[in-house]
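>>> what shape does this take:
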Amino acid sequence: MSDRTVVVGGGHVGLTLYADMRRTRPTANVQVVSSRVPDSAGAPLTMRDILTEEVHTVPSRRTDFLQNDRAVSEALAAADCVVVTVPDIPKVRSSVVSRLLELLAHRPVSIVMIRGGQGGALWLAEHLADPRAAAWEVLLVEDSLYGCRAQGSHIEYKRKDQIGAAHYGQDPKLPLEALARALGEPEWLSRFTLRTPSELVFDPLGYYIHTAVALDPSNVVRTARGERYLHYSEGIDPTLGEQLNAMDTERVALAASYGVESETFPQILQRQYGHQPQSNFYATMAATRDLYRSLSPSDVECLRLSRTLREDIPALFTMLELARVQNVPMPTTRAFADALPYLLDRIGLAITDIERYPPLARGMDGEAVRRLLDDRTKYLTKDDS
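Numbers count the residues shown, from 1 in each chain. Sure, this is the predicted structure:
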């Protein structure tokens, strides 16, 4: 019997994963749990690799997309591999993890958490200590396997050359191999670099590369008049580039205070996509026009509801919590956080409209944070890799 894979979330990443699994294994046993069935479900999906220009047409089945509560429960309970692609929004992630703990209690199963190393990483570490998850093999993916956008039945994507991931469980090979089997390509294994959860927790970049760009006053004016711009290459001017570079530098310094060697965003782009750093942060981002095709929200209402705010602002406060524990100054990051009430008010939101993850206990020090994150992880040895 083939492995049974369930993708939780039918957004850009979820639909891209589904299509990629169908591309390599047309008869694969893969289902998608989604709050709504995409209009493209049941129609052929077109996948275009924007780096190689390869185009594939992939069959899809409407019955693979599940909404009915009973059908969802039955699919999850029978799954061998569950790939969670829903945003790292506190209420959304909490609901999904609670459901998995209920349906997969004490079952040996591979769980792949896309964006598992983001703002909810500390919260997730606590909840994966639940005895019901003791038999799980969990792979935390730093952000995603792809850069991708799905519009209707058309998907544009680019695979990342190297992907950081961390593991909870007994054997990291198990979820890695389960994911590679689901994708139908063993060479996926060579794309992953195994790290500790405490190394992964400093990788969230969205709170500045997404939120600080979208809420920049000049960009809010553009959004208010209905102008859509390429977020990364057209949404950053030299002045904003200096602010983002300072926030990026502060994140790397925070990681160092925990004994973690983190990468700058330009270094991450080079590792993931081979994108060469330019003379400064602004120039590096301006040169991503052919790499990143993400457009800004179509209007202010879309911005208010966007993942850019709901997912990435919680990560900002996670980073500031980590800075508080180590007493690390992050002046540019703190100034941005202090400005958020004003920036959000300009688009009709209050800071209290954005849910956060719970703060760390006041008595925790840096070592306690490392133990929370790393105590249940196993590492590949040189002989295992």
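
>>> CA atoms for contacts and neighbours, from now on please.
OK.

>>> OK, contacts around the residue nearest the centre of the chain?
By Cα atoms, centre = their mean, the chain has its centre lying nearest to R115, at 2.6 Å. Counting by Cα atoms under 8 Å, 6 or more residues apart in numbering, R115 makes contact with T85, P87, D88, L140, V141, E142, D143, S144.

>>> now with 10 Å, please.
84-88, 121, 140-145, 165, 200, 203-204 (Cα atoms under 10 Å, 6 or more residues apart in numbering).

>>> which among the residues you listed count as buried?
Taking 16 or more other Cα atoms under 10 Å as the criterion, what is buried in the contacts of R115 is 84-88, 121, 140-145, 165, 200, 203-204.

>>> so what's L269 closest to, chain neighbours aside?
H275 (5.5 Å; Cα to Cα, 6 or more residues apart in numbering).

>>> is it true that that neighbour touches A287?
Yes: the criterion here is Cα atoms under 10 Å, and H275 meets it with A287 at 8.7 Å.

>>> re earlier: in strands, which of the buried ones among the contacts of R115 appear?
Residues of the buried ones among the contacts of R115 located in strands (DSSP state E): V84, L140, V141, A165.

>>> is it possible to get JSON lines of these that adds distance to V72 and pLDDT?
Compiled in JSON lines, those are given as follows (distance: Cα to Cα, whole Å; pLDDT from 0 to 100):
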{"residue": "V84", "distance to V72": "14", "pLDDT": "97"}
{"residue": "L140", "distance to V72": "23", "pLDDT": "95"}
{"residue": "V141", "distance to V72": "24", "pLDDT": "93"}
{"residue": "A165", "distance to V72": "27", "pLDDT": "93"}
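
>>> for those, work out which two are farthest apart.
With Cα to Cα as the measure, no two of these lie farther apart than V84 and A165, at 14.1 Å.

>>> show me the longest helix that occurs in this structure.
Counting residues, the longest helix found in the chain (DSSP state H) is helix 238-257.

>>> what separates the very next helix or strand once past it from the chain centre, distance-wise?
Per DSSP states H and E, the first helix or strand lying C-terminal to helix 238-257 is helix 265-273. Offset of helix 265-273 from its chain centre (Cα atoms, centre = their mean, to the nearest Å): 15 Å.

>>> which stretches in the stretch 101-250 of the chain count as strands?
110-113, 137-141, 146-151, 154-159, 163-168, 192-194 (DSSP state E, counting those that start in this stretch).

>>> least reliable of those strands going by mean pLDDT?
Among the strands of the stretch 101-250 of the chain, strand 146-151 carries the lowest mean pLDDT, at a mean of 87.

>>> which other helices and strands contact that one?
Applying 3 or more Cα pairs under 10 Å, 6 or more residues apart in numbering; DSSP states H and E, one finds that strand 146-151 contacts helix 12-24, strand 45-49, strand 154-159, helix 265-273.

>>> go with 7 Å
Strand 146-151 sits against helix 12-24, strand 154-159, with contacts defined as 3 or more Cα pairs under 7 Å, 6 or more residues apart in numbering; DSSP states H and E.

>>> for it, which strands pair with it and how are they oriented?
Sheet pairing of strand 146-151 (DSSP bridges) gives strand 154-159 (antiparallel).

>>> any low-confidence regions in the stretch 151-300 of the chain?
Residues of the stretch 151-300 of the chain meeting the criterion pLDDT under 70: none.

>>> beta-bridge partners for the closest residue to R376 other than its chain neighbours, please?
Leaving aside its sequence neighbours, R376 sits nearest to Y168 (Cα to Cα, 6+ apart; 5.7 Å). With DSSP bridges as the criterion, the beta-bridge partners of Y168 are V138.

>>> count of residues packed around Y168?
28 (other Cα atoms under 10 Å).

>>> wait, T318 touches G117, no?
No: the pair formed by T318 and G117 falls short of the contact definition of Cα atoms under 7 Å, at 11.4 Å.

>>> quick one on the thing from earlier: tell me the one among the contacts of R115 nearest to L103.
Out of the contacts of R115, the member with the shortest distance to L103 (by Cα to Cα) is V84, at 14.5 Å.

>>> so who does the closest one touch?
V7, V8, G9, V112, M113, I114 (Cα atoms under 7 Å, 6 or more residues apart in numbering).

>>> which residues does the first one contact?
Spelled out, it's V7. V7 touches G14, Q31, V32, V33, V82, V83, V84, counting by Cα under 7 Å, 6+ apart.

>>> now with 10 Å, please.
Contacts for V7 (Cα under 10 Å, 6+ apart) come out as 13-15, 17-18, 30-34, 65, 76, 79, 81-86, 112.

>>> ok, of those residues, which come out buried?
Buried among the contacts of V7 (16+ other Cα under 10 Å): 13-15, 17-18, 30-34, 65, 76, 79, 81-86, 112.

>>> re the thing from before, farthest pair within the contacts of V84?
Every pair in the contacts of V84 was compared (Cα to Cα); the two farthest apart turn out to be G9 and V112, at 12.4 Å.

>>> list just the nearest of the contacts of V84 to H127.
Nearest member of the contacts of V84 to H127, counting by Cα to Cα, is M113, at 13.2 Å.
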